[in-house]
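Asker: Give the three-dimensional model of this entry:
(one chain, ligands or ions: 1)
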Amino acid sequence: MSLDLLSCRFLFSSCGVRQPPSRRRVVFLAAGPSSPPTPSTPRSLESSSSRERLVRAAPLGPSKQAPRPVGNNGSRTKRRRRRRTVQEEQEGGCVPSVEEASIRVATLYENGDPLGRKELGRCVVEWLKQGMQSMASKFASAELQGDMAEPNTAALTLDWGSAEGQLGFVIQAQPYLSAIPMPKGLEALCFKACTHYPTLFDHFQRELRDVLISYQNQGLISEWRSTHTWKLLKEMANSTHHRAAVRRTTPRTKAVHSSIGISLKKVRLMQDRIEDFVRHMSDLLRIERDVELEFTQEELNATTMLENNSEPPKPVEYLVSHGQAQQEQCDTICNLNVISSSTGLGGLHLVIFRIEGGHKLPPTTLSPGDMVCVRTCNSRGEGATSCMQGFLYNLGEDGCSITVALESRHGDPTFSRLFGKSVRIDRIQGLADALTYERNLEALMLLQRNGLQKSNASISVVATLFGDSKDMMKMEQNCLTDWGELSLPDLRLSERYAFDASQLRAISLGLNKKRPVLVIQGPPGTGKTVLLAELIVRAVRQGENVLVTAPSNAAVDNMVERLSSTGLNIVRVGNPARISPSVASKSLAEIVNGRLGQFMKELERKRTNLREDLRDCIEDDSLAAGIRQLLKQLGRDMEKKEKETIMEVLSDAQVVLSTNTGAADPHIRKAGCFDLVIIDEAGQAIEPSCWIPILQGKRCILAGDHCQLAPAILSRKALEGGLGKSMMERASSLHDGLLNSRLMVQHRMHDSIASWASKEMYHGLLKSSHSVSSHLLADSPVVKATWITRCPLLLLDTRMPYGILNIDCVEHLDPAGTGSFYNDGEADIVTQHVLNLVHCGVSPSAIAVQSPYIAQVQLLREKFEEYPGLSGVEASTIDSFQGREADAVVISMVRSNPLGAVGFMGDSRLMNVAITRARRHVTVVCDTSTICHSTFLARLLRHIRRHGQVKHVAPGSLDGVSGLGFNQTSLPSIG
Ligand SMILES: Nc1ncnc2c1ncn2[C@@H]1O[C@H](COP(=O)(O)OP(=O)(O)OP(=O)(O)O)[C@@H](O)[C@H]1O
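Answerer: Below is the predicted model of the structure:
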């Protein structure tokens, strides 16, 4: 007889319907005196016998020691049950509700819910539990009394090897279940469940285990697993018939990951994907690291070569696989001596150097935060030992000293070698940074090891980024994720902005705590940064603490600035030398120093006193030793207090900000898990670096634009292998765009500027907000209206009509050996044009001058210095200006050569960033005959001709009277 049929029979019998007779071989020995005979037990079962084939399982029936035997109120229960059955018959109560009827108990295993918690509901499960608890107690107490061996006591004997044994088990459970009142309204479901052998067995096994363990704890039995009852039960569970019954009625249980509700088989697949990813990325990181080291070494060698004048420098572009413009000029200071060393905040090892003979430092372009190589040198300044990496901490105000934070410590042989020697410091590219490499690798390791662990707070983020679309559905079905928007009525009530519809949608998706990943993709000027600031404020308001990161210090500082006025408690963590002075007050170091001020003063006073005492008692060894101990103790106190204060500041913070790799700072790690991690400029970060912050939060938001600057990768192999593909780009292509939210209205640029980017980079989808689409420099009441200030796009062409090029406007390779280019004539034209703009009333701080070449940027800075009126004009490389904006942008393209080589300028993403920084005006200064060789740039020039103005210029031709002047000129076309 199948168990389904049995279920029906029980259901019928419970409803008072006579069941068909059965031919059973299972023996159901009479229960103990107070154990109620089940109304549904067929007589034939009771009388059947074939004992030699039967195994006795457990005694049945109440015993004196039983905690609370079910049968105590057996007759009452029987009466109550009968009464209820009659009543149900009258009321039609035994007819299951639609909901109850739709539940198939047999699917509990399929659904990974053998105890029926989800399907049957709490009340029915509680009912089953109580019944089985009482049965288990009875069995266990019989074991205690030693009744197991007594055939005349209440014992159930079952034929383990047959289906009858299971039927007998079900039958035997009935009196115990019927002794417990069924939950009202759920009777039909109870009847279904009480005849389902696997469910009953699971409950019984669980309860029996608990009772036996409690006996063991009370010292009534020695080892619960070795009890006769338990062994028999296990024997039963292991029998082929038991397994077959479970299989037949319920397809094999799907084990499910308890945190994400996905079957273990699929979780294993996810883990495999993670492992493949980690292996692949680690290999690429290693390749990239090797090339970086090579590159760094080449740079250091180039510095020496330059001094020897033995070989001309190579253009940096040949080493760089695509437009990354972090070309820092090497600079060197020789003949330095170590003066002292100390430990700074966060354990930084600070070493102070001075020029030999107490001279002033030579003019230098080194500045705080620069990565440097420190090594000993010979009398000619040539490097004599291997390089120690560090970064410049500060240049002394006295003009004679320089402080470097070194990675090496006291005790390192390399460090000791610096003392008493002549030392040289070279600036090196900030590329071969060992710490960054290690932190990226460590994040990958953590992802592999803990990513799918229950204890990992970011498990749903990991599952989202490595699962498939079905997994996403499963997670949503299990109510673990929710991809929808939050309906927040007050979203429009921002203090500063009237957000557009796509921005509001992004904010509301971002505030949904059940959404593991959100990618906010937006072209330039679509308000990603302001939107993130708003999101952070609101996330804090809804009780979340937030970790905000970005790939560069500049982007992090930009966000700190935006958040400074919100009144939130924010802390910027990072190398103090690399934090912009404008946000230094929010840095961890400053806050901690501020809080420790009084303590440090007091500590310093004690130290001074102790040192004086030490001097006085230098003769007395034991006293001196005691004072030295006290001094050491003071040092330890200071360290302890500093650590405590750091943790206090970080745990009080509502928002912590750092670079992606900076998020691996042990202090941030110790501060605990964040509710939300936000990565700004995520399109510019390699994926391993994003895992550093993400693994520290419950959910994450990635914001950026993969049409702006890409991660900087030196190795072509690593780039082709996929290291250059950002996590944002990968995530946005997952699950049919489920993770994405797109912003498509820009609020920054005049439409003539934006329409170029829209056409060229965004398939024409980028639209301009009405409030900015026609704004011009001349709209400002303080700006004089001239043809320049009324023009959104201007091309200053250094190539004259008929192809003549002014000799001053030719490109040159930087003699400093950086591989960078400069163009003197263009620098003059830019300077003159900027002077014109300022003359028209445009504020110097509203003008940004950009070039992809650092040599040109430096030349421009020097030229601007000659004019006091230009002191507020910022000249920078394009990549360092990403994320920012200015009313007027002037771009110096530099390249002018007969070969038509355009170098970095041909990188569409770099040009996209350069042009879209402008709000009201863009001027491009270039040699069109060179630039035209790139079809991409040729289209830009055509766009300017169509939507802006063109002027052929030469240095010196731009003054107000003879050159561009302030009057409308004729508009020559590009040759
Ligand atoms: N809803 C809005 N209403 C008015 N101005 C807005 C709105 N959203 C953004 N802005 C303005 O648009 C400009 C660009 O915003 P933001 O810098 O946040 O854009 P972004 O997407 O981060 O740009 P990028 O990618 O270039 O860094 C800012 O001046 C900002 O004040």
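
Asker: Tell me where the stretch 851-975 of the chain is predicted with low confidence.
Answerer: 956-975 (pLDDT under 70).

Asker: Strands along that one, start to end?
Answerer: Along the stretch 851-975 of the chain, the segments classed as strands by DSSP state E, counting those that start in this stretch run 874-877, 886-892, 918-926, 949-952.

Asker: Just checking the distance from the second one to the centre of its chain.
Answerer: Taking the mean of its C-alpha atoms, strand 886-892 sits 34 Å from the chain's own mean (CA atoms, centre = their mean, to the nearest Å).

Asker: on that earlier part again, any idea which of the strands of the stretch 851-975 of the chain gets closest to residue 721?
Answerer: Counting by CB to CB, residue 721 lies closest to strand 874-877 out of the strands of the stretch 851-975 of the chain; the figure is 27.0 Å. Backbone N, C-alpha and C define where each C-beta goes, glycine included.

Asker: CA atoms of that closest one as CSV?
Answerer: Output of strand 874-877 as CSV, limited to C-alpha atoms (Å, rounded to 0.1, in the frame of the first residue of the first chain):
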residue,chain,number,x,y,z
GLU,A,874,44.2,75.3,-12.7
ALA,A,875,46.4,73.4,-15.1
SER,A,876,46.3,69.7,-14.8
THR,A,877,46.5,66.4,-16.7
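
Asker: Excluding residues flanking it in the chain, which one is nearest whatever residue of the stretch 351-500 of the chain ends up closest to the ligand?
Answerer: Nearest residue of the stretch 351-500 of the chain to the ligand (CB to the nearest ligand atom) works out as residue 497 at 4.1 Å. What sits nearest to residue 497 in space, not counting adjacent residues and going by CB to CB, 6 or more residues apart in numbering, is residue 530, at 6.0 Å.

Asker: and what of residue 680?
Answerer: residue 550 (4.3 Å).

Asker: need the contact list for the one you found.
Answerer: 556, 558, 559, 659, 660, 679, 680, 681, 682, 685 (CB atoms under 8 Å, 6 or more residues apart in numbering).

Asker: Need the residues you listed in JSON lines (columns: secondary structure, distance to the ligand and neighbour count).
Answerer: Listed next are the contacts of residue 550 as JSON lines, based on DSSP: H, G, I helix; E, B strand; the rest coil; distance: CB to the nearest ligand atom, whole Å; neighbours: other CB atoms under 10 Å:
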{"residue": "556", "secondary structure": "helix", "distance to the ligand": "13", "neighbour count": "27"}
{"residue": "558", "secondary structure": "helix", "distance to the ligand": "8", "neighbour count": "20"}
{"residue": "559", "secondary structure": "helix", "distance to the ligand": "10", "neighbour count": "25"}
{"residue": "659", "secondary structure": "strand", "distance to the ligand": "17", "neighbour count": "25"}
{"residue": "660", "secondary structure": "coil", "distance to the ligand": "17", "neighbour count": "28"}
{"residue": "679", "secondary structure": "strand", "distance to the ligand": "13", "neighbour count": "31"}
{"residue": "680", "secondary structure": "coil", "distance to the ligand": "8", "neighbour count": "28"}
{"residue": "681", "secondary structure": "coil", "distance to the ligand": "8", "neighbour count": "28"}
{"residue": "682", "secondary structure": "helix", "distance to the ligand": "11", "neighbour count": "32"}
{"residue": "685", "secondary structure": "coil", "distance to the ligand": "14", "neighbour count": "28"}
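
Asker: and the longest helix along the chain, how far out from the chain's middle?
Answerer: For the chain, the longest helix by residue count, based on DSSP state H, is helix 264-308. Relative to the centre of its chain, helix 264-308 is centred 20 Å away, using CA atoms, centre = their mean.

Asker: Report all helices and strands that that helix contacts.
Answerer: helix 434-450, helix 459-466, helix 469-477, helix 687-694, helix 716-721 (3 or more CB pairs under 8 Å, 6 or more residues apart in numbering; DSSP states H and E).

Asker: Work out for me the element residue 341 sits within.
Answerer: strand 332-343 (DSSP states H and E).

Asker: likewise residue 701?
Answerer: In the assignment (DSSP H and E), residue 701 maps to strand 697-704.

Asker: Residue 548: what secondary structure?
Answerer: Under DSSP: H, G, I helix; E, B strand; the rest coil, residue 548 falls in the strand class.

Asker: Who does it form a beta bridge with?
Answerer: residue 657, residue 678 (DSSP bridges).

Asker: Pull the contacting residues for it.
Answerer: Applying CB under 8 Å, 6+ apart, the residues contacting residue 548 are 532, 536, 556, 559, 655, 656, 657, 677, 678, 679, 680.

Asker: Could you tell me how far the last one is located from residue 849?
Answerer: What that stands for is residue 680. Note on residue 680: its distance to residue 849, by CB to CB, to the nearest Å, is 25 Å.

Asker: circling back to that earlier point, give the other helices and strands that the strand holding residue 701 contacts.
Answerer: helix 459-466, strand 517-521, helix 528-541, strand 674-679, helix 687-694, helix 727-732.

Asker: partners of it in the sheet?
Answerer: Strand 697-704 has the following sheet partners, assigned by DSSP bridges: strand 517-521 (parallel), strand 674-679 (parallel).

Asker: didn't residue 287 look like it was pressed against residue 718?
Answerer: Yes - assessed by CB atoms under 8 Å, residue 287 is found in contact with residue 718 at 4.7 Å.

Asker: More neighbours: which of these two?
Answerer: Of the pair residue 287 and residue 718, residue 718 is the one with more neighbours under other CB atoms under 10 Å, namely 24 against 19.

Asker: Just the pLDDT for that one.
Answerer: Per-residue pLDDT puts residue 718 at 91.

Asker: try residue 425
Answerer: Per-residue pLDDT puts residue 425 at 84.
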